[in-house]
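1. sharing a sequence plus its predicted fold:
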Amino acid sequence: MTLIKSISGIRGTIGGPVGQGLTPLDVVKYAAAYGTWVKTQAIESKLIVIGRDARLSGDMVSRLVAATLQGLGLDVCDLGLSTTPTVEMAVPAKQAAGGIILTASHNPKQWNALKLLNAHGEFISEADGQQVLASAESEDFEFAPVTKLGQYTTDEGFLEEHIKAILALSLQERGRLADDTLVATVMSNLGLKRAMADAGITVLETGVGDRYVLEKMNEGGFSLGGEQSGHIIFNDYATTGDGVLTGLHLVAEMARTGKSLQELASCMTVFPQVLLNVRGVDRHGLDDQGVQDAIAAATEALGDAGRVLLRPSGTEPVVRVMVEAASQEDAQRVAEELAAVVRDRLAIDAAA
């Protein structure tokens, strides 16, 4: 078993005695030390962005980190499976206080690591790293009471939105974006729509599901479309989302322009997004007048700086409440207010 402590984070092999490997207790301790350090920074935000690679321990480590940060009263936005640059870009894009990348890079599968970022999406400095290590050594943590626990949200489409924007602009520049149109779903980020509008590209929206995207593409003869969840379709080459094909096109664009992925991704600014799943309600009752009034009020309050979408899930017995706003705090607040209305108006009587 191995545990390596450094100023940029902690790396080790999964399992073994506490303190000799990256055990669950070690993950919690160093996540708590980082969260404690974040709370000492002069930053208004209390949001931490996390993302992980695909190694076997990733899901476990991610859940431990998220729960620990929530226990400190910090909000967590989980990007799910992500690259290191994606998490780095997401931190400033979401106006977060910091981020943690869960990856051991080139190390074998038994390894994992917590790589720590500051509010700029950069690895923390040596001085800050020393503070985190000292906090972990002393274990002087103060956790939040139950009424002040942090919120947990996911945004697994962060990377895909940037990819769609990069590829749409590339195809347009080379005259290969049919009718200067991108097909996307209603879940696509407002930042994507604004970036496309600035470039003179029309965004046609469909329901959620790659089959709806493909139907719309076939109807209009469009060449590019995709979902926020990552199914990007190149109609000239395939009839379904293809990750390998998408990756090849993305690398080709980097080679053609000589730009890094981070430089290419600067073509759009992602609006903070909160997605809440409301359970125990009638998912087919969204036409309820009280719910509609709440949606109208939230939409008016956000104005051009955000949007609201409530829809029944097609895969789970839940109502999905999605809010985008100029800040993560506003998005979280409005989403929670709408979710409360949905619970109140559409609750299913368990005894019925």
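-> Structure's in. What do you need?
2. walk me through the domains of the protein.
-> 3-154, 158-265, 273-346 (automatic domain parsing).
3. where along the chain do the helices fall?
-> 24-38, 58-71, 84-93, 126-138, 158-173, 190-198, 210-220, 243-257, 261-265, 289-302, 328-346 (DSSP state H).
4. I'd like these as TSV, with mean pLDDT, distance to Ile48 and mean neighbour count appended.
-> Where you see a C-beta, it was placed from the backbone N, CA and C, and this is true even at glycine. Below are these laid out as TSV (pLDDT from 0 to 100; distance: least, CB to CB, whole Å; neighbours: other CB atoms under 10 Å):
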stretch	mean pLDDT	distance to Ile48	mean neighbour count
helix 24-38	96	7	23
helix 58-71	96	5	19
helix 84-93	85	9	21
helix 126-138	93	13	16
helix 158-173	89	14	23
helix 190-198	91	21	19
helix 210-220	91	31	18
helix 243-257	91	27	14
helix 261-265	82	20	17
helix 289-302	94	24	15
helix 328-346	91	11	19
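5. of those, which is nearest Leu182?
-> Relative to Leu182, the nearest member of the helices of the chain by CB to CB is helix 158-173, separated by 4.6 Å.
6. which strands or helices does the closest one pack on?
-> Counting contacts by 3 or more CB pairs under 8 Å, 6 or more residues apart in numbering; DSSP states H and E, helix 158-173 packs against helix 84-93, strand 181-185, helix 190-198, strand 224-226, strand 232-234, helix 243-257, helix 261-265.
7. in the fourth one, what's buried?
-> When burial is assessed from 16 or more other CB atoms under 10 Å, strand 224-226 yields the following buried residues: Leu224, Gly225, Gly226.
8. quick check: Ala104 vs Leu69, distance?
-> Separation of Ala104 from Leu69 (CB to CB, to the nearest Å): 20 Å.
9. I'd say Gln151 and Gly73 touch.
-> No - in this structure, Gln151 is not within contact of Gly73 by CB atoms under 8 Å, at 9.9 Å.
10. quick one, what contacts the spatially closest residue to Ala301 that is not a sequence neighbour?
-> In this structure, Ala301 finds its nearest non-sequential neighbour in Val334, 7.3 Å apart by CB to CB, 6 or more residues apart in numbering. Neighbouring residues of Val334 by CB atoms under 8 Å, 6 or more residues apart in numbering: Val274, Ala298, Ala301, Leu302, Gly306, Val308, Val323, Ala325.
11. pretty sure Gln332 contacts Gln151?
-> Yes - Gln332 is within contact range of Gln151, at 5.9 Å (criterion: CB under 8 Å).
12. contacting residues around the residue nearest to Leu286 when sequence neighbours are not counted?
-> What sits nearest to Leu286 in space, not counting adjacent residues and going by CB to CB, 6+ apart, is Leu310, at 5.7 Å. Contact partners of Leu310, counting by CB under 8 Å, 6+ apart, are Leu286, Val291, Ile295, Val319, Arg320, Val321, Met322, Leu338, Val342.
13. 7 Å - rerun?
-> Leu286, Ile295, Val319, Val321, Leu338 (CB atoms under 7 Å, 6 or more residues apart in numbering).
14. ditto for Val132
-> Ala33, Tyr34, Trp37, Leu116.
15. roughly how far does the first one sit from Asn118?
-> Put plainly, it is Ala33. Counting by CB to CB, the gap from Ala33 to Asn118 is 15 Å.
16. quick check: phi and psi at the most centrally placed residue in the chain.
-> Centroid check for the chain by CA atoms, centre = their mean gives Asp155 as the closest residue, at 2.5 Å. Here the main-chain torsion angles of Asp155 (degrees, to the nearest 10) amount to phi -150, psi 80.
17. do the same with Ile7
-> phi -70, psi -20.
18. of all the buried residues of strand 224-226, which comes closest to Lys94?
-> Nearest member of these to Lys94, counting by CB to CB, is Gly226, at 21.3 Å.
19. and the closest residue to the closest one other than its chain neighbours, what pLDDT?
-> Spatial nearest neighbour of Gly226, excluding adjacent residues (CB to CB, 6+ apart): Ile232 at 3.6 Å. Listed pLDDT for Ile232 reads 89.
20. what's the closest of the buried residues of strand 224-226 to Met89?
-> For the buried residues of strand 224-226, the nearest to Met89 is Gly226 (18.7 Å; CB to CB).
21. how far away is the closest one from Thr246?
-> Taken as CB to CB, the span from Gly226 to Thr246 is 8 Å.
22. what is in contact with the two at once?
-> Ile232.
23. so what's Ser45 closest to, chain neighbours aside?
-> Ala97 (4.5 Å).
24. got the phi and psi for that neighbour?
-> Dihedral angles (degrees, to the nearest 10) for Ala97: phi -90, psi -20.
25. that one is in contact with Ala119, isn't it?
-> Yes - with contact defined as CB atoms under 7 Å, Ala97 counts as touching Ala119 (5.4 Å).
26. name the residues contacting each of the two.
-> What both Ala97 and Ala119 touch, as defined by CB under 7 Å, 6+ apart, is the set Ile43.
27. more neighbours: which of these two?
-> Ranked by neighbour count (other CB atoms under 10 Å), Ala97 and Ala119 place Ala97 first, with 23 against 20.
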